[in-house]
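Colleague: Below is the sequence, then the predicted model.
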Amino acid sequence: MISEKIKVWLLALSGVEGGSDRVQVMPTENLANGDYSTNLALITKQDASLLKTELEKNLLPEIEKIEIAGAGFLNFFLKPEYFTKNLQKILDKKDKFGWNNNLEQKKIIVEYTDPNPFKEFHIGHLMSNAIGESISRLIEASGAEVKRACYQGDVGLHVAKAIWADGDYALGSKKYEESEEIKLEIQEINQKIYAKSDDELNKKYEAGKKLSLEKFAEMYQKLGTRFDYFFFESETGEFGKKIVEENMGNLPASGGVFEKSENAVVFKAENYDKKLHTRVFLNADGLPTYEAKELGLAKIKFEKFAYDQSIVITGNEINEYFKVLLQALKLIFPELAEKTKHLSHGMLRLSTRTDDNQGGPSKKMSSRTGDVITAENLITEVREKVLEKMRESDENPSADGAEQIAVGAIKYAILKQAPGRDVIFDFAKSLSFEGDSGPYLQYTYARARSVLAKSEQKADFNNLENIETARLLARFPEVVARAGENYSPQLLIQYLIQLASSFNAFYAQNKIIGSEEESSRLALTASVAQVIKNGLWLLGIEAPAEM
């Protein structure tokens with residue numbers, strides 16, 4: 001990548017000790033100020049004008065000129081020929097343009113989505129799925145071998161509550177809280193499910209689990225996700241329990257990794273880090289909790305796929321719980337704790353804005369009370385609104401096309417801001433074909449494809465005129481690399497919106513088909529289409545050829 005080449009050149013000429021980390025070469029925010037900027041003058045404490053003169057004596061062939069910016073920064077302008085060659089590279093590499101080898105030979109497993117059988121696949125799972133799928137693709141684009149994993153709670157009180165109420169988890173949860181008698185009945189069902197001791201109950205359990213997993217599979221198909229591994233709590237529970245039992249009393253000076261407390265087995269994480277707290281790993285019935293199951297999962301994952309890194313994506317409501325889990329993992333499987341990275345996300349809420357744009361975010365969702373917004377319902381509602389917009393210009397719009405746009409709109413709304421923050425899904429903004437939205441990017445791609453389909457001329461890269469869009473296109477590989485390194489799909493979205501805006505401005509002001517510059521403008525259009533397609537793929541969003 002050109003930024004790395006510039007950095008190597010600067011370090012070689014300046015001889016800055018430890019400069020590899022200190023010297024920065026970053027793309028400029030405003031193209032009027034050049035293509036890249038460096039803080040080298042600040043690091044070396046040299047006069048910027050003198051440093052500029054020295055650099056110009058040994059100028060890289062790709063650099064056209066250097067300008068002094070404020071606060072001692074230097075800005076580099078690349079030659080037009082560099083961008084011309086880049087357009088050819090885009091069309092040569094096609095779907096692989098933008099990929100890098102930063103994580104070559106690394107094995108990474110990404111766990112995300114994690115819906116529980118016997119519960120609804122809700123909009124919280126959409127958050128995890130969109131973020132996890134995009135991060136998986138960004139890591140793949142950096143050369144790693146990636147495996148996608150989904151971990152599902154197929155045992156536990158939620159299952160017993162649902163089975164007691166013939167599949168209605170919300171009702172079972174409500175009655176569990178209201179009646180001590182029913183609470184005992186559900187706890188007994190829970191014990192029997194773990195022990196598999198009741199044939200009639202086993203049949204109900206297996207039928208309910210099968211139905212849930214089939215529904216989840218349909219949703220994964222809509223979302224464009226294919227998991228390599230499905231892990232279940234029924235699989236990790238027994239192993240996790242064994243790990244806990246084997247690690248009781250191993251550290252006598254501090255009371256052991258795990259210890260008995262009121263008939264349960266706990267881990268007092270505050271003994272190792274005062275910011276942490278105590279959590280139960282085996283309950284009073286001797287059953288493993290989520291914490292114990294997670295210990296088992298970490299080891300089972302590694303046995304299936306000897307990963308260099310395990311990324312776990314969850315809602316941020318379990319951040320503190322996960323810190324305790326990682327502390328326990330450090331004591332028992334330190335090498336796995338070192339390889340584990342937890343990424344959390346906020347909640348997805350629906351805007352309740354009215355036609356006059358008043359209102360605020362929706363109330364908090366709760367599966368226990370039945371106040372759940374399912375992923376299926378949200379996608380259906382968004383798809384219907386897309387179809388309404390499409391009918392304005394097409395009497396028979398494609399339902400499949402509308403669903404691609406709907407899913408893209410939802411994913412874009414989730415991914416456009418940094419993971420960790422809550423997302424408010426605004427129907428009007430998210431479905432706009434102009435500006436900051438998924439449909440806008442999809443429409444820009446379809447527009448470019450439409451132009452290309454109407455011409456029979458061959459693209460010509462030798463007479464490049466729209467230098468701004470070409471300069472943006474050249475930045476794509478570096479954006480992909482930064483988004484992957486920082487687990488930040490929003491960086492890619494920011495870039496794609498800027499690129500689409502630049503191309504659409506060019507399209508509005510210039511005739512392409514039938515112009516004297518048709519061949520060179522086709523080269524630019526084809527390059528834009530390819531990069532937007534690649535970028536949408538990295539976001540997990542479909543790129544429809546027609547809209």
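Modeller: Thanks, I have the structure now.
Colleague: So residue 118 sits against residue 210, correct?
Modeller: No - using CB atoms under 8 Å, residue 118 is not in contact with residue 210, being 11.2 Å away. Heads up, the C-betas are built off the backbone N, CA and C, glycines and all.
Colleague: which residues does the residue nearest to residue 421 when sequence neighbours are not counted contact?
Modeller: Taking CB to CB, 6 or more residues apart in numbering as the measure, residue 421 lies nearest to residue 346, with 4.8 Å between them; neighbours along the chain are not counted. Taking CB atoms under 8 Å, 6 or more residues apart in numbering as the criterion, residue 346 is in contact with 127, 315-316, 419-423.
Colleague: Next one, pLDDT for residue 507 please.
Modeller: For residue 507, the pLDDT comes out at 94.
Colleague: Could you do residue 110 as well?
Modeller: The predicted local confidence for residue 110 comes out at a pLDDT of 98.
Colleague: looking at this, it is in a strand?
Modeller: Yes - the assignment for residue 110 by DSSP: H, G, I helix; E, B strand; the rest coil puts it in a strand.
Colleague: what sits up against stretch 89-104?
Modeller: Everything outside stretch 89-104 that qualifies as a contact, by CB under 8 Å, 6+ apart, is 1, 139, 141-144, 459, 473, 476-477, 479-481, 484-485, 523, 526-527, 530-531, 533-535, 537-538.
Colleague: domain parsing for the protein?
Modeller: Under the assignment automatic domain parsing, the domains of the chain span 2-78, 380-539.
Colleague: Pick the most deeply packed of these.
Modeller: Comparing the domains of the chain by mean neighbour count (mean count of other CB atoms under 10 Å), domain 380-539 ranks first with a mean of 19.
Colleague: Just give me how far it sits from the chain centre.
Modeller: Domain 380-539 sits 19 Å away from the centroid of its parent chain (CA atoms, centre = their mean, to the nearest Å).
Colleague: cool, stretch 314-322 as well?
Modeller: Relative to where its chain is centred, stretch 314-322 has its mean C-alpha point 17 Å off (CA atoms, centre = their mean).
Colleague: So which bits of it are buried?
Modeller: Residues of stretch 314-322 classed as buried under the neighbour-count rule (16 or more other CB atoms under 10 Å) are 314-316, 321-322.
Colleague: got the end-to-end distance for it?
Modeller: One end of stretch 314-322 to the other measures 10 Å (CA to CA, to the nearest Å).
Colleague: same check, this time on stretch 479-494
Modeller: Between the opening and closing residues of stretch 479-494 lies a distance of 10 Å (CA to CA).
Colleague: So which residues make contact with it?
Modeller: Contact partners of stretch 479-494, identified using CB under 8 Å, 6+ apart, comprise 1, 98-100, 102-103, 131, 134-135, 138-139, 141-142, 311, 343, 412, 415-419, 495, 535, 538-539.
Colleague: out of the contacts of residue 346, who's nearest residue 447?
Modeller: Within the set of the contacts of residue 346, residue 423 lies nearest residue 447; the separation is 27.4 Å, counting by CB to CB.
Colleague: pretty sure that closest one contacts residue 348?
Modeller: Yes - under the criterion of CB under 8 Å, residue 423 is in contact with residue 348, at a separation of 5.0 Å.
Colleague: shared neighbours of the two, which are they?
Modeller: By CB under 8 Å, 6+ apart, residue 423 and residue 348 have these common neighbours: 127, 414.
Colleague: Do you have the helices of the stretch 351-500 of the chain handy? List them.
Modeller: When assigned using DSSP state H, counting those that start in this stretch, the helices of the stretch 351-500 of the chain occupy the ranges 375-391, 399-415, 427-430, 438-454, 467-473, 476-485, 489-509.
Colleague: Please identify which of those is closest to residue 22.
Modeller: Among these, helix 476-485 comes nearest to residue 22, with 17.9 Å by CB to CB.
Colleague: ok, residue 189 to residue 205 distance?
Modeller: Taken as CB to CB, to the nearest Å, the spacing of residue 189 relative to residue 205 amounts to 9 Å.
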